[in-house]
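J.: Have a look; sequence and predicted model below, questions after that.
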Amino acid sequence: QVQLVESGGDLVQPGGSLRLSCAASGFTLDYYYIGWFRQAPGKEREGVSCISSVGGKMNYVDSVKGRFTISRDNAKNTVYLEMNSLKPEDTAVYYCATAWGRSCPGAQIYAYTYWGQGTQVTVSS
């Protein structure tokens, strides 16, 4: 059974850091690209970042450039999102998603086949 499980979400003060993890089971991530998305209350789900099957990285939104870093550890079948200098506007449920393929697509939800259940990130003082 294909499954993605996110973890690492928390309440953090502005300027703080978090590392989200996305653990895959039921399949091997080696040949999949993986993306992180987020959805704030009352807003549409938006793409944050993507990493290709060979490690190429893409940010979907300019607001996270220089602050968020996506990475993958194929040996652990896990993808990470390192988030620094967090801002209140980063508050959202964060989802990881994946699909078979080499290169990252655009930030379209339909380009991703499997989704995790999400982890809550709240940035507030």
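T.: Cool, got the structure.

J.: going forward, measure contacts and count neighbours with C-alpha atoms only.
T.: Will do.

J.: Distance check, the residue of the chain most remote from its centre against residue 119.
T.: Residue farthest from the centre of the chain, counting by C-alpha atoms, centre = their mean, is residue 125 at 23.5 Å. Applying C-alpha to C-alpha, to the nearest Å, the value for residue 125 to residue 119 is 19 Å.

J.: before we move on, what about residue 73?
T.: 20 Å.

J.: who has more neighbours, the two?
T.: residue 119 (21 against 13; other C-alpha atoms under 10 Å).

J.: Quick one, grab the pLDDT at that one.
T.: According to the per-residue confidence, residue 119 scores 98 in pLDDT.

J.: Begin at 23, not 1, for the rest of this chat.
T.: Understood, numbering begins at 23; the last thing we discussed is residue 141.

J.: For this protein, just list every one of the strands.
T.: Taking DSSP state E as the criterion, the chain carries its strands at 25-29, 33-34, 40-47, 54-61, 68-73, 79-81, 90-95, 100-105, 114-122, 136-137, 141-145.

J.: quick one on the thing from earlier: report the contact partners of the residue farthest from the centre of the chain.
T.: Residue 147 is in contact with 34, 35, 36, counting by C-alpha atoms under 8 Å, 6 or more residues apart in numbering.

J.: Just give the number of residues close to the nearest residue to residue 44 once chain neighbours are set aside.
T.: If the residues on either side of it in the chain are set aside, residue 44 comes closest to residue 28, at 4.4 Å by C-alpha to C-alpha, 6 or more residues apart in numbering. Residue 28: 23 surrounding residues under other C-alpha under 10 Å.

J.: Return the distance of residue 28 relative to residue 58.
T.: From residue 28 over to residue 58 the distance is 10 Å, taken as C-alpha to C-alpha.

J.: overlap in contacts of these two?
T.: 117, 118.

J.: Since that was my last question, I'll sign off now.
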